[in-house]
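J.: how does the following fold in three dimensions:
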Amino acid sequence: MASKKIALIGGAGFIGHNLAMALKREGHEPFIVDGLAVNNFLSFVDSKVKNHKFYRAILNKRIDLMYENEIEINVQDARNYEALCLVLHKANPDVIIQLAAVSHANLSNKNPHATFDHSLRTLENALDFSKPEKSSVQHFIYFSSSMVYGHFEGKDVTEETECKPIGIYGTLKYSGELMVKVYNQVFELPYTIIRPSALYGKRCVSRRAGQIFIENAVEGQDITIHGDGSDRLDFTYIDDLVQGIIKVIENENARNQIFNMTYGESRTIGELAKILKDHFSGIEIHYKSKDKLTPDRGTLRVDKAKDLIGYDPRNPIEEGYPKYIQWYKEIWKELT
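T.: Just a heads-up that it's a prediction; the model follows:
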């Protein structure tokens with residue numbers, strides 16, 4: 001496969017930095033554009049944020065790893081159209097991966113203006129730059145979310161399932177999908193839309209459920225589950241997602257497609273908590289009411305990605321979550 005120059009907008013985040021390093025190993029030329037504001041350094045300046053020093057240390061680890069791998073980092077706010085275009089024109093990418101977003105449903109509902117600004121405004125700017133008459137971009141990859149489906153009406157969904165998002169986050173993600181598809185209709189910009197779910201793994205600071213469970217456990221605190229523990233999520237280890245995105249970039253069958261990109265088998269939050277209890281003695285679990293804007297979910301079928309591009313997720317929670325727990329124990333001891 002010929003080497004491609006790949007711009008990761010919002011690429012200093014959890015997905016982006018892991019993806020950039022994997023792309024580099026595969027012989028591609030990733031470079032990052034990121035304002036380091038959303039769920040990054042500027043989010044942890046406030047000393048009232050829990051474990052803010054720990055998170056900043058993890059973020060520094062990300063930057064150090066990217067420098068060690070000779071990955072170019074451009075600190076630039078993607079909401080600034082002229083500045084973003086200047087950076088992208090200079091780099092002349094073959095592929096753009098749009099990652100910039102507020103990546104948390106609860107935060108999105110609390111601050112819809114910021115979510116729109118960092119999610120759709122940045123997407124609009126990246127799409128406009130990518131028009132064929134303006135650039136040499138051959139492929140635009142947009143990160144959406146399983147939240148676009150809203151409440152699952154059955155045990156699983158496919159890419160053909162009707163999207164009925166609830167809340168700010170899922171609705172804006174679905175709006176982004178429509179924007180990407182219309183740029184293909186009007187300007188013939190090739191695209192791929194990715195719908196991940198319940199991601200976890202090294203150097204995440206997003207405080208998703210799996211991370212909060214481990215962090216409470218290493219601090220000797222109890223765990224709180226919203227709901228009765230029977231809610232199901234398609235937990236996805238970061239390495240599986242990253243390898244799937246590389247296949248999207250390298251396989252022509254991915255053009256103008258939407259892919260669920262998860263492990264492909266939902267598990268209950270209670271099952272995840274049980275794995276945690278196997279690694280931490282004396283942890284108690286408490287239950288509280290579930291947020292009404294949290295949809296009932298399940299399995300995202302990944303047959304399409306397996307058939308078209310050879311997607312091959314290999315980390316069920318019995319394998320991925322213990323790896324994450326072990327890493328967290330080690331990094332907690334090192335940084336605190």
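J.: from the middle of its chain, how far away would stretch 244-264 be?
T.: Centroid separation for stretch 244-264 versus its chain: 14 Å, with Cα atoms, centre = their mean, to the nearest Å.
J.: got the CA coordinates for that stretch in CSV?
T.: This file holds the C-alpha atoms of stretch 244-264, laid out as CSV (Å, rounded to 0.1, in the frame of the first residue of the first chain):
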residue,chain,number,x,y,z
GLY,A,244,-10.2,-1.1,11.6
ILE,A,245,-9.5,2.5,10.7
ILE,A,246,-6.2,1.5,9.0
LYS,A,247,-8.2,-1.0,6.9
VAL,A,248,-10.7,1.8,6.0
ILE,A,249,-7.8,3.9,4.7
GLU,A,250,-6.1,1.2,2.8
ASN,A,251,-9.2,-0.5,1.2
GLU,A,252,-11.1,1.0,-1.7
ASN,A,253,-14.2,-0.9,-0.6
ALA,A,254,-14.5,1.5,2.4
ARG,A,255,-15.3,4.5,0.1
ASN,A,256,-18.7,6.1,0.5
GLN,A,257,-19.7,3.6,3.3
ILE,A,258,-20.9,3.7,6.9
PHE,A,259,-19.4,1.2,9.3
ASN,A,260,-20.2,0.2,12.8
MET,A,261,-16.7,-0.3,14.3
THR,A,262,-17.0,-2.0,17.7
TYR,A,263,-16.2,-5.4,19.1
GLY,A,264,-19.6,-6.6,17.8
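J.: buried residues of it, list them for me.
T.: Going by neighbour count (16 or more other Cβ atoms under 10 Å), the buried part of stretch 244-264 is 244-249, 251, 254, 257-264. Every residue, glycine included, has its C-beta placed from N, CA and C.
J.: now go through these and say which are in helices.
T.: 244-249 (DSSP state H).
J.: if residue 236 is in a bridge, with which residues?
T.: In this entry, residue 236 is beta-bridged to residue 199, by DSSP bridges.
J.: count of neighbours near it?
T.: 27 (other Cβ atoms under 10 Å).
J.: now tell me what touches stretch 48-68 from outside.
T.: For stretch 48-68, the surrounding residues in contact (Cβ atoms under 8 Å, 6 or more residues apart in numbering) are 12, 17, 20-21, 32, 40-41, 43-46, 73, 203, 205, 215, 331-332, 335-336.
J.: ok, residue 125 to residue 118 distance?
T.: Applying Cβ to Cβ, to the nearest Å, the value for residue 125 to residue 118 is 11 Å.
J.: what is in contact with those two at once?
T.: Common neighbours of residue 125 and residue 118 (Cβ under 8 Å, 6+ apart) are residue 79.
J.: in the protein, which spans are helices?
T.: Going by DSSP H, the chain shows helices at 14-25, 52-68, 81-91, 105-110, 112-116, 122-130, 167-187, 209-218, 238-250, 269-279, 303-309, 317-335.
J.: and the first one, what other elements does it pack with?
T.: Using 3 or more Cβ pairs under 8 Å, 6 or more residues apart in numbering; DSSP states H and E as the contact test, the elements touching helix 14-25 are strand 5-9, strand 29-34, helix 52-68, helix 238-250.
J.: tell me the angle of it relative to helix 52-68?
T.: Computed with axes from the mean of the first three to the mean of the last three Cα atoms, to 10 degrees, the direction of helix 14-25 lies at 20 degrees from that of helix 52-68.
J.: so which bits of helix 14-25 are buried?
T.: Of the residues in helix 14-25, those buried by neighbour count under the rule 16+ other Cβ under 10 Å are 14-24.
J.: likewise for the longest one?
T.: Using 16+ other Cβ under 10 Å as the test for burial, helix 167-187 gives 167-177, 180-181, 183.
J.: could I get these as CSV with distance to residue 28 and pLDDT?
T.: Formatted as CSV, the entries for those read as follows, by distance: Cβ to Cβ, whole Å; pLDDT from 0 to 100:
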residue, distance to residue 28, pLDDT
167, 35, 88
168, 34, 88
169, 30, 89
170, 31, 91
171, 33, 92
172, 29, 92
173, 26, 95
174, 29, 96
175, 29, 96
176, 24, 96
177, 25, 98
180, 22, 98
181, 25, 98
183, 23, 98
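J.: nearest to residue 137 among these?
T.: Sorting those by how near they are to residue 137, with Cβ to Cβ, puts residue 183 at the top with 10.6 Å.
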